[in-house]
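>>> just coords:
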Ligand SMILES: O=c1ccn([C@H]2C[C@H](O)[C@@H](CO)O2)c(=O)[nH]1
């Protein structure tokens, strides 16, 4: 991916981070998903009093995209309030893996430094497909 496209995704993720509803954690996250046909879907985290049922930014973005008919992604960029790299949580890794081995673009709270990898490089114990799950011992 070229630098310009990455910076555009970063800008969109920073914008949507402003909409994070995070009164409990006070930790805002923004994600921007790029589809294989060039569309961008953004998402922020949306919390509620039952902490465990918060929706992460990445899953908000995936749900928006799938609801609008897009299921094939080439990249997911994530940004947050953290001064360090933000990595997707286990639930999000599994949700992203459901839709293929996309590129992950990790960033920090500010600046345009990126860490780029494939989801499969970090998704560890997650199963990529139902077949993989069923074929596992
Ligand atoms: O990759 C991540 C990690 C955390 N969060 C959210 C969930 C919760 O609202 C808050 C604290 O974990 O950050 C995300 O949206 N994405």
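Received it, and whenever you're ready, just let me know what you need. The model shown is predicted, which means the values in this text are computed figures rather than measured ones.
>>> centre-most residue in the protein?
residue 58 (3.2 Å; C-alpha atoms, centre = their mean).
>>> that one reaches residue 94, doesn't it?
No: counting by C-beta atoms under 8 Å, residue 58 stays clear of residue 94, with 10.7 Å between them. Placement of C-beta: from N, CA and C, glycine included.
>>> got the residues of this structure near the ligand?
Within the chain, the positions near the ligand by C-beta under 6 Å from any ligand atom are 22, 25, 27, 29, 45, 47, 54, 56-58, 78, 86, 88-89, 92.
>>> so which of those is the most crowded?
Neighbour tally across the residues of the chain next to the ligand (other C-beta atoms under 10 Å): the maximum, 31 neighbours, falls on residue 57.
>>> show me what contacts it?
13, 16-17, 20, 29-31, 43-45, 78, 80 (C-beta atoms under 8 Å, 6 or more residues apart in numbering).
>>> so what pLDDT did it get?
Note for residue 57: predicted pLDDT of 98.
>>> circling back to that earlier point, doesn't the residue nearest to the centre of the chain lie inside a strand?
No: counting by DSSP: H, G, I helix; E, B strand; the rest coil, residue 58 is not found in a strand; it is helix.
>>> how about it, nearest residue that isn't a chain neighbour?
Excluding its sequence neighbours, the residue lying closest to residue 58 (C-beta to C-beta, 6 or more residues apart in numbering) is residue 92, at 4.2 Å.
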